Every structure is written in structure tokens, then in C-alpha cells.
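Student: Quick one, fold the following:
(one chain, ligands or ions: 1)
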Amino acid sequence: MKIVTILGARPQFIKAGTVSREIEKYNEIEEIIVHTGQHYDANMSDIFFDEMKIPKPHYNLDINGLGHGAMTGQMLEKIEEVLEKEKPDWVMVYGDTNSTLAGALAASKLHIKVAHIEAGLRSFNMKMPEEINRILTDRISTILFCPTQSAVDNLNSEGYNNLDISIVQNGDVMQDGAIFYKDLAVASNIELNNKYILSTIHRAENTDDIERLIAIVSALNEIAKEIQIVLPLHPRTKAILEKNDLEVNCTIIDPVGYLEMVGLIKNAKLIMTDSGGLQKEAFFFEKPCITLRDETEWIELVENRFNVLAGASREKIIDLYKHFDFNDEFSMNLYGAGTASKIIVKELLK
Ligand code: UDP
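Tutor: All right, here's what the predicted structure looks like:
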């Protein structure tokens, strides 16, 4: 069996790596990895793949720095060429990027089966490009691997139980990754206090809306009077903060490699983030999380009080930091037992 996997960003490579390591156990499966280049990342050198124990891509399409339409269009054209050459049985796509949609669309037009991993997630915010990509990718896939019960519920409420599309609740590949990388984590060489908050801000809804960014920064500055806040700063956020002369009184560091990031999460007291992945990693490493967004795809974390939505309100962020009653029973199984990748490979082999 031949699988072509389409990836476009560093987090996608990390997640897909868990499945690739599982695939490698089967001689009868060949995986060809295509990097669309959507997120150009200087940190994705050979060392990254070696350290992370992730197979390197076979194709680099080098498509980046374009608007949504041009980017998705060029990917569609180039992925189609790869698929015509490789003739896979399956195309595997992850998550909700333009690469995800382009991969699924190119495959479905060639009548190649599509497996969508991290399917069924919804923010119900159609202004997010990710939401559009998720909805369209789910609809043209052959099999949908859902990380959570709420993802399955979303699909059922959209009528997917009446469609000829398989739905499998397999758990979250990021949970598999957390287990794999837990012991590979490396210590950071920045000066850390005993207690610190780890924060990231990178979503367009926060960085491109200056009012929201000012409110978040102002809340962080207030909280940082009490406790160290470590902020690995995304280049986009950095540029906007500099352009607007916004001062951040946190421990600002450059973005860190994933193994250092896991080290930082493991020793943090609390996470404050607008990242989807980090909300779950907080849970995997048993840390409470304040989410700097108005909604989240990971509602089970909010329903069970492991995570709380603060939006971008200065007062709300500070108030939740001081008073929110987080759940500390992290033993709840919300994302599977670390067998998400195994289930995917077994299903594809059926
Ligand atoms: N991450 C990292 N280094 C950093 C910031 C984030 O390794 O400096 C990791 C983080 O732990 C998570 C992933 O990158 O696994 C999340 O990426 P991002 O926040 O860009 O995207 P999202 O999860 O919102 O799609």
C-alpha cells in the first residue's frame, strides 16, 4: 500500500511523525511525504528531522509567501503532478491548513482515497481560514479520523452519518506525540524562576487587531508584576509589537525548538496561549491553561475546567488568572490512550 502524506507546517510534521513511526513498522506500507512549503521555516533543517525522529520529506514544493487563493491554487497543481506520478492508494492530510485542503482536493479529483486526520473540529467562526479548510476537507474525504467525541458529534450534526464517509474516533495524534517526546525534552538555558507562566501569542485574530493585542499585552504586563512570564515570540507578533511600540515586560525569547518547548511546558505553572496545539499540550503535561481566544475547538478542556476562555479582555485575563478554579484531575481520558496513530494505520490496512 502506498500513502502520500501532504504537510505544510512544522506542527503538522510533528503530528504526522507519530503516524510515520507507526507506518515504519509495516513493510507492506510505503509512505511518501510531500512538504508544500506553506510555512517556510528556517528551523526545519536536517537536524530538526533527526532530533524529532521524523522522516524527511521526499518532495519540497516550496510554495509560500502568497495569498490564500494563489497559494492553494499552486499547491493543487503541484500536488496533482506528484499524485499522478506516485499513484498512491491513499492521500493523508492533517488539520486545517491550505495544504490540507489542497491535498484533499487534488486527491479527490483523481479519485484517490483521502484520510483526514484531526477531522470534525469546528470553531463555528467562518472568518477563520482554518474553519473553511476543515469543513471542505472533511466533506471530500473518504475516512475521517476524529480526535474527540465532540468532533464526531459535530460531524453527525452536519449529517455525516448519512454520507458515504467513514468516521473513526481514534484519539489525538498529539497525545501520542506528548508521550513520545516527554522523555526527549531538553532543558532551556534561559533563566527561569521556580514558578513561571509560559505564554504564546500568534493568531491573526490577536496580532492583526491592535486593540486585542494591546489588551493582551497589558494583562500580561500586569500579571508579570507577580510571576515570571516566558514568551517565545512568534516573528509576526514581534514585528507588530515593534511597529506599534508596545512594551512587553515578560521574559521574551526567540521561538524555541519543540524539545525545548516541551521542557518549558513541563516546568511551567500555567499556560496562557492562543495556540490550539498548546492548549492540549497544557493538558497532556497537567498544566492549567488560559486561552486568549473567544472560542476553542477543544471544548472538552473548557467543559471540564482544565482550560478557560479569556478572549482578549484585559480585566478578564487578570481576573481568571487570580480567581479561576481549575480542575486538577488530569487523569481524565479526553484524547485517547496514546494509540491514535496505531488506530489510523490499522484502519487504512483494513
Ligand atoms: N511551539 C514550539 N516552539 C515555540 C512555539 C510553539 O515548538 O516557540 C509548538 C507548540 O508547543 C505546539 C505547536 O508549536 O506544539 C503549536 O504551533 P502554533 O502555536 O504555531 O499553532 P497552532 O497549534 O495554533 O496551530
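Student: so does stretch 295-311 get close to the ligand?
Tutor: No. Stretch 295-311 stays clear of the ligand (CB under 6 Å from any ligand atom), getting no nearer than 9.7 Å. C-beta here means a position set from N, CA and C on the backbone, and glycine is covered the same way.
Student: Within range of the ligand, give me the residues from the stretch 101-250 of the chain.
Tutor: 200, 202, 232.
Student: Kindly reformat those residues as CSV containing pLDDT.
Tutor: Compiled in CSV, those are given as follows (pLDDT from 0 to 100):
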residue, pLDDT
Thr200, 98
His202, 94
Pro232, 96
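Student: In strands, which of those residues fall?
Tutor: Secondary structure from DSSP state E places 200, 232 of these in strands.
Student: Pull out the buried members of the residues of the stretch 101-250 of the chain next to the ligand.
Tutor: Neighbour-count burial (16 or more other CB atoms under 10 Å) is assigned, among those, to 200, 202, 232.
Student: Give me the distance between the closest residue to the first one other than its chain neighbours and Asp325.
Tutor: Once its chain neighbours are removed from consideration, Thr200 has its nearest residue in Thr273; the separation is 4.7 Å (CB to CB, 6 or more residues apart in numbering). If you measure Thr273 against Asp325 using CB to CB, to the nearest Å, the figure is 20 Å.
Student: Tell me which of the two has more neighbours.
Tutor: More crowded of Thr273 and Asp325, by other CB atoms under 10 Å: Thr273, with 23 against 8.
Student: partner residues bridging the closest residue to the ligand within the stretch 101-250 of the chain?
Tutor: Going by CB to the nearest ligand atom, the ligand is nearest to Pro232 of the stretch 101-250 of the chain, at 3.5 Å. Beta-bridge pairing of Pro232 under DSSP bridges involves Ile253.
Student: Spit out the contact partners of it.
Tutor: Pro232 sits next to 200, 253-256, 261, 264 when contact means CB atoms under 8 Å, 6 or more residues apart in numbering.
Student: Go ahead and build a ChimeraX selection from the buried members of these.
Tutor: To isolate the buried ones among these in ChimeraX, judged by 16+ other CB under 10 Å, type:
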select :200,255,256,261,264
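Student: would you turn the contacts of Pro232 into CSV with distance to Ser331?
Tutor: Converted to CSV, these look like this (distance: CB to CB, whole Å):
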residue, distance to Ser331
Thr200, 26
Ile253, 32
Asp254, 35
Pro255, 31
Val256, 28
Met261, 24
Leu264, 23
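Student: Can you tell me which of the contacts of Pro232 lies closest to Ala224?
Tutor: Ile253 (14.1 Å; CB to CB).
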